[in-house]
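> sequence-free structure coming up:
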């Protein structure tokens, strides 16, 4: 035990280094956001769309919700913990009226458990609420993509856990895009996706717009 304890304490900084290295891959993307903000300050109290590539690739999101001010701060390949880690730089400065988050997809692909996805979303909520206790937050369900069909059971479980967690929180909403994207047999449908089977085409985004618009209208004005 005398030998093991110093070894365990020595490993703690190593785990921290691994986490910092993971987040560091997004530094250029975050700096690009900050540079853009300095050149063209975004509107305050907007609806902030944040998360992974499904948000980053949504280039028309501002035009798709013309009734409210929208900011897109998606960075492709990111996980839930990345949005939490950079929250002080790409959430707090905007003082958003509401936040739409899509993440968790890459987390499961990288081996995280459904429970970790739920816990990482809870950590995101806690972080954001630390500087804005009243902001409305919507979690867009992890989509059932063709490319990650093998992960469907874990996606269902993660979505269910996040849904149950959101139900216990004030002003936190689970937006179910998962169920409408499934075929009648409960399997992913290719019609929502581009050739890679992972990223959505315009038809997929139009479905998301129809599902998100009531929440965005209610919280974005």
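Looks like it arrived, so ask away. Please read these numbers as outputs of a predicted model, since none were measured by experiment. Numbering: from 1, shown residues only.

> in this structure, which spans are strands?
47-51, 70-74, 98-102, 136-140, 172-175 (DSSP state E).

> Now distance to residue 211 and mean neighbour count too, for these, in a markdown table please.
For glycine as for every other residue, the C-beta is placed from the backbone atoms N, C-alpha and C. Converted to a markdown table, these look like this (distance: least, C-beta to C-beta, whole Å; neighbours: other C-beta atoms under 10 Å):
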| stretch | distance to residue 211 | mean neighbour count |
| --- | --- | --- |
| strand 47-51 | 14 | 27 |
| strand 70-74 | 16 | 22 |
| strand 98-102 | 11 | 26 |
| strand 136-140 | 8 | 23 |
| strand 172-175 | 6 | 20 |
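
> Kindly reformat the ones you listed as CSV containing distance to residue 28 and mean pLDDT.
Shown next, in CSV, are the strands of the chain (distance: least, C-beta to C-beta, whole Å; pLDDT from 0 to 100):
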stretch, distance to residue 28, mean pLDDT
strand 47-51, 17, 98
strand 70-74, 14, 98
strand 98-102, 21, 98
strand 136-140, 25, 98
strand 172-175, 30, 98
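
> Do I have it right that residue 175 meets residue 143?
No - assessed by C-beta atoms under 8 Å, residue 175 is found out of contact with residue 143, at 11.1 Å.

> okay, the strands of the chain in CSV with distance to residue 218 next?
Below are the strands of the chain laid out as CSV (distance: least, C-beta to C-beta, whole Å):
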stretch, distance to residue 218
strand 47-51, 11
strand 70-74, 15
strand 98-102, 9
strand 136-140, 8
strand 172-175, 10
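
> Can you give me the neighbour number for the residue nearest to residue 207 when sequence neighbours are not counted?
What sits nearest to residue 207 in space, not counting adjacent residues and going by C-beta to C-beta, 6 or more residues apart in numbering, is residue 180, at 6.2 Å. If you count neighbours by other C-beta atoms under 10 Å, residue 180 ends up with 14.
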